[in-house]
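Participant: here is my input, please return the structure:
(one chain, ligands or ions: 1)
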Amino acid sequence: MKKYTKKTVKFYDLHSKEYIQHSAVVLEDKINKFIGFLGGKKILDVACGPGHDTDYLVRKGFDCLGIDLSEKMINFAKKNYKGKFQVMDFFDMKFRDSYFNGIWCSSALVHAEKRDVPQLLKNFNKILRKNGILGIITPSKQDRIKRKNDTRIFTMLNMKDLKKWLADNNFEIIFSKTFIYGNMKWIFIISRKE
Ligand SMILES: C[S@@+](CC[C@H](N)C(=O)[O-])C[C@H]1O[C@@H](n2cnc3c(N)ncnc32)[C@H](O)[C@@H]1O
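Facilitator: Numbering: from 1, shown residues only. This is a model prediction of the structure:
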């Protein structure tokens, strides 16, 4: 496991209750937009946290697996939500090639170093079927005050870089926008494996 991942996940294990209470929100308009492009039922929710989005997708009729490295988050998900959940590092995913119809990646890339993002996108491409859909929500580059004792890696990206890396890894951009939520600017991109 990467050193920065270990520190990040330790933070989520320590603060899982706070995250569940204040930050685990299904952004319905965004996830519905993603659903609208899907051509099949098998979905991976990457860094699912406490499992709220996985649960939403299952309730909408999808066969969704949520993965996260925080045991606290996954235990909560298993107890409280519908769906399958597994403790797994998104840098070390164990799936067959072309397995999923869709990957939902909400607030996950933020916990990768910038130089590691292209490889991650390449791995997403591998496990998606042809025409599979990747939905990404991630913080846009902006000023941010880091709170005390926050051990997470927190990488903010810009739309241009992300679009380039997606194109480099055989994804066609089918929808993109930025939005403001919780005093932060976010990037929302949906792309299709070519
Ligand atoms: C900001 S939360 C996002 C949760 C959920 N996707 C959402 O949108 O609310 C980030 C999650 O990423 C997980 N995480 C961080 N690095 C990870 C890694 N390398 N593999 C799997 N999960 C990771 C953390 O444990 C945490 O639950």
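Participant: got the buried residues for the host helix or strand of Thr54?
Facilitator: Per DSSP states H and E, Thr54 falls inside helix 52-59. Under the neighbour-count criterion of 16 or more other CB atoms under 10 Å, helix 52-59 has His52, Asp53, Thr54, Asp55, Tyr56, Leu57, Val58 buried. The C-beta positions use only the backbone N, C-alpha and C, and glycine is treated the same way.
Participant: what's the answer for stretch 127-144, then?
Facilitator: Buried residues in stretch 127-144, counted by 16+ other CB under 10 Å: Ile127, Leu128, Arg129, Gly132, Ile133, Leu134, Gly135, Ile136, Ile137, Thr138, Pro139, Ser140.
Participant: run a quick neighbour tally on the residue in the chain positioned nearest to the ligand.
Facilitator: The ligand sits closest to Gly49 of the chain, with a gap of 2.7 Å, by CB to the nearest ligand atom. A count of nearby residues for Gly49, using other CB atoms under 10 Å, gives 25.
Participant: ok but Lys185 is inside a strand, no?
Facilitator: Yes - per DSSP: H, G, I helix; E, B strand; the rest coil, Lys185 lies within a strand segment.
Participant: read off the pLDDT value for the closest residue to it other than its chain neighbours.
Facilitator: Of all residues not flanking Lys185 in the chain, Ser140 sits nearest, at 4.3 Å (CB to CB, 6 or more residues apart in numbering). pLDDT recorded at Ser140 is 97.
Participant: for Ser140, give me its contacts.
Facilitator: By CB atoms under 8 Å, 6 or more residues apart in numbering, Ser140 lies in contact with Met156, Leu157, Asn158, Met159, Thr178, Met184, Lys185, Trp186, Ile187.
Participant: mind listing what's buried in stretch 156-167?
Facilitator: Met156, Leu157, Met159, Leu162, Lys163, Trp165, Leu166.
Participant: if we can go back for a sec, next up, the contacts around the residue of the chain closest to the ligand.
Facilitator: Tyr12, Tyr19, Ile20, Ser23, Ala24, Asp68, Ser70, Met73, Ala77, Ser107.
Participant: so where do the strands sit in the protein?
Facilitator: 42-46, 63-68, 84-87, 100-106, 128-139, 171-181, 184-193 (DSSP state E).
Participant: tell me which of those lies nearest to Pro118.
Facilitator: Checking the strands of the chain against Pro118 by CB to CB gives strand 171-181 as the closest, at 11.3 Å.
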